[in-house]
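Enquirer: turn this into a structure:
(one chain, ligands or ions: 2)
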Amino acid sequence: MSERHKILIADDEPAIRETLEALLFPEGYDLAFAENGHEALEKAAEFIPDLILLDVMMPDMDGFEVCQHLRANQHLAEVPIIIVTALDDRDSRLEGIEAGADDFITKPFDRHELRLRVRTITRLNRYRSLLKERVEKDRLRESVSILEHEAAIGNLSAGVAHDFNNILAVMMGVEFIEEDLGEIEKEIPPEFRKALKARFDRSKRYCKNLTEARELGMALTGGITEFARGATDGTLTQHLGPLVIKPFDIFKRKFKRWEIVLNLDIEQDLPPVRCNGGEIQRAVLNLVTNAVYAMEEVHNVHRRLNVRLRKDGEAVKLSIEDNGTGMPEDVQTRIFDNLFTTKEKGKGTGIGLATVKKIMDSHGGKIAVDSEVGRGTCFVLTFPVT
Ligand SMILES: Nc1ncnc2c1ncn2[C@@H]1O[C@H](COP(=O)(O)OP(=O)(O)OP(=O)(O)O)[C@@H](O)[C@H]1O
Ligand SMILES: [Mg+2]
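Expert: Ligands and ions are numbered 1, 2, ... in the order given. Modelled structure (predicted):
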C-alpha cells in the first residue's frame, strides 16, 4: 500500500487548481481534481482521498452541499474536508461547520499556512486510522481468544459428560436395591413389618430420588454429548410442565436447608411446544441454581421462589422469580455475556445464562429479566407455540 497521502482538489477555477497542484505536488501528495460538485462526489467515491480541499462557490452544487453528501456517505464520512473560500464571514463558516467541514482556508491563501494545515490534517488522520485499526485488531484478538476458550470448555465438558455418564450408569444399581427392598419387605413376618415400615418407606423414597436424579443427570450429559457430536437437535413437540418440574427434585434439600418456599403454579391444559427436553431442563436448572445462590445471600427475609408456567397469547411463558439479592442495572446489561460472572473464582464461570440464552435462541424463544437490588429477580422465558 502506498504511503502517499491522497488529496482531492475540487475547484471550478483552473488557476486555483493549478496553484494548489504546484504547491502540493512537490510535497509528495497523490492528487486528483474535480471541476464541479458532482465530479467532486464521483472522484471522492473512486479515489477515497485522505483529505478533500473543497471550493465553496462552484456552479451546479456548492461546496456546502458537496460536504453534506460526503458526510452522508458511510465510506467518506470520516474523510477530513477543508473548505477553501473567499467568504470570510462568520455565517458562511457556521454553514460550513454545519455541513461537516473540518477546517477553512481563506482565499487568497498563504502558501506556508496552506502546506502546514494540509500536512497536519493528513498526518492526524493517518494516526487516527492507525489507532482505529489497532483497536479493531485488539477486538478481533479478544473474540478469537473467547472462541478458543469456548472450544476448550466445550471439549472439556464433552469429556466430563462422557465419563460422568459411566458413573451414572453405576447408579442404576439403586433400581435393583429398590426392587430388593420390596421383595424383602414382603418376606418379613407381618408382626415385624409394621415396626419396620417407616424405615422401608424412607429407603424406598431415597431410592426413588436417586433414580430421578440419575435420569435427569443422564438427560443432561446426553444433551452435552449429543451436542458435541453435532447429532440431531433432539426436539419433540411436548408439554413443558413435566420438564419444568423435574429439575426441582434436585433442589429439595437445598430448599429445606435455606428455608426456601417453592410456589409452583403450572396452568392446566397448556399447549405443547416444540423443544429439546434436555436443554429445557438445563435452562431451568441454571436459573434455579442462580436464584438459590441469590437467596442464600439474603437474610431476615422469607425466601420464596415463585415458578409459573402459563399461556400468553400464542406463547407459553415460564417465569422464575426469587426474592434474593437482585441485580444493579450495570450487571443486568451483561448477564447474558459469555463468561460474565460476579461470583468469586471457583463459585461461578459465567456460562450459565449465556447457555440459557443460546437455548432460548435455538428454540425461537426469548428470555427477559426484571430485577432490582433488594427486591429480587424474575426471569421470563417465552416459548412460541407452533
Ligand atoms: N437470580 C439472580 N439473582 C441475582 N443475580 C443473578 C441471578 N441470576 C444471575 N445473576 C447474576 O448474573 C451473573 C451471571 O450468571 P450466570 O449464570 O451466567 O453465571 P454464574 O452463575 O456467575 O456462573 P455459572 O457459569 O456457574 O452459572 C451472576 O454472576 C450473577 O451476578
Ligand atoms: Mg449461574
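Enquirer: how about the closest residue to ligand 2 within the stretch 1-150 of the chain, what does it touch?
Expert: Nearest to ligand 2, among the residues of the stretch 1-150 of the chain, is Glu150, at 16.2 Å (Cβ to the ion). Any C-beta I mention is one placed from the backbone N, CA and C, and that applies to glycine too. The contact partners of Glu150, by Cβ atoms under 8 Å, 6 or more residues apart in numbering, come to Asn338.
Enquirer: one more: Thr325?
Expert: Ala294, Glu297, Val298, Val373, Gly374, Gly376, Thr377.
Enquirer: what sits against the closest residue to ligand 2 within the stretch 251-386 of the chain?
Expert: Using Cβ to the ion, the single residue of the stretch 251-386 of the chain nearest to ligand 2 is Gly352, 2.8 Å away. Counting by Cβ under 8 Å, 6+ apart, Gly352 touches Asn286, Thr289, Asn290.
Enquirer: can you get me a residue count around the second one?
Expert: Applying other Cβ atoms under 10 Å, we find 16 other residues in the vicinity of Thr289.
Enquirer: quick check, it in a helix?
Expert: Yes: with DSSP: H, G, I helix; E, B strand; the rest coil as the criterion, Thr289 is part of a helix.
Enquirer: and the residue nearest to it when sequence neighbours are not counted, what pLDDT?
Expert: Spatially, and ignoring its direct neighbours in sequence, Thr289 is nearest to Gly352 (6.9 Å; Cβ to Cβ, 6 or more residues apart in numbering). Predicted confidence (pLDDT) for Gly352: 89.
Enquirer: next, give phi and psi for Gly352.
Expert: Main-chain torsions, Gly352, degrees, to the nearest 10: phi -50, psi -60.
Enquirer: that one and ligand 1, how far apart?
Expert: Relative to ligand 1, Gly352 is positioned 2 Å away (Cβ to the nearest ligand atom, to the nearest Å).
Enquirer: kindly report the residues of this protein close to ligand 2.
Expert: Asn290, Gly352 (Cβ under 5 Å from the ion).
Enquirer: repeat the analysis, applying 8 Å as the threshold.
Expert: Within the chain, the residues that sit near ligand 2 (Cβ under 8 Å from the ion) are Asn286, Thr289, Asn290, Tyr293, Thr341, Lys343, Gly348, Thr349, Gly350, Ile351, Gly352, Leu353.
Enquirer: tell me the contacts of the last one?
Expert: So that's Leu353. Contacts of Leu353 (Cβ under 8 Å, 6+ apart): Asn286, Asn290, Ile335, Phe336, Phe340.
Enquirer: can we see that at 6 Å?
Expert: By Cβ atoms under 6 Å, 6 or more residues apart in numbering, the residues touching Leu353 are Ile335, Phe336.
Enquirer: and the helix or strand harbouring it, which residues are buried?
Expert: If you go by DSSP states H and E, Leu353 is part of helix 352-362. If you call a residue buried by 16 or more other Cβ atoms under 10 Å, then helix 352-362 has these buried ones: Gly352, Leu353, Ala354, Val356, Lys357, Ile359, Met360.
Enquirer: which one of these is nearest to Glu65?
Expert: Lys357 (46.7 Å; Cβ to Cβ).
Enquirer: any idea how far the closest one is from Leu287?
Expert: 11 Å (Cβ to Cβ, to the nearest Å).
Enquirer: cool, Val385 as well?
Expert: Distance of Val385 to Leu287, computed by Cβ to Cβ: 21 Å.
Enquirer: list the contacts of the closest residue to ligand 2 within the stretch 101-250 of the chain.
Expert: Closest residue of the stretch 101-250 of the chain to ligand 2, Cβ to the ion: Pro247 (13.5 Å). Counting by Cβ under 6 Å, 6+ apart, Pro247 makes contact with Gln281, Val284, Leu285.
Enquirer: quick one on the thing from earlier: within reach of ligand 1, which of the contacts of Thr325 are there?
Expert: Ala294, Thr377 (Cβ under 6 Å from any ligand atom).
Enquirer: got a ChimeraX select line for the buried ones in the contacts of Thr325?
Expert: To isolate the buried ones among these in ChimeraX, judged by 16+ other Cβ under 10 Å, type:
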select :294,298,376,377
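Enquirer: immediately after the helix or strand of the chain with the lowest mean pLDDT, which helix or strand?
Expert: Of the helices and strands making up the chain, the lowest-confidence element is helix 111-170, at a mean of 78, by mean pLDDT, DSSP states H and E. Going down the chain from helix 111-170, the next helix or strand is helix 173-187, by DSSP H and E.
Enquirer: before we move on, back to that, quick check: the residue of the stretch 1-150 of the chain closest to ligand 2 vs Ile351, distance?
Expert: Taking Cβ to Cβ as the measure, Glu150 falls 9 Å from Ile351.
Enquirer: one more: Leu270?
Expert: 30 Å.
Enquirer: and for Asp30?
Expert: The value you get for Asp30 to Ile351, if Cβ to Cβ is used, is 51 Å.
Enquirer: what residues are up against Gly37?
Expert: Met58, Asp60, Met61, Val66.
Enquirer: just the buried ones from the residues you listed?
Expert: Using 16+ other Cβ under 10 Å, the buried members of the contacts of Gly37 are Met58, Met61, Val66.
Enquirer: was I right about the last one contacting Glu42?
Expert: No: with contact defined as Cβ atoms under 6 Å, Val66 does not reach Glu42; the gap is 10.9 Å.
Enquirer: where do the helices of this structure begin and end?
Expert: Assigned helices in the chain, in chain order: 14-24, 37-47, 63-72, 90-99, 111-170, 173-187, 190-229, 240-245, 248-257, 277-296, 329-332, 352-362 (criterion: DSSP state H).
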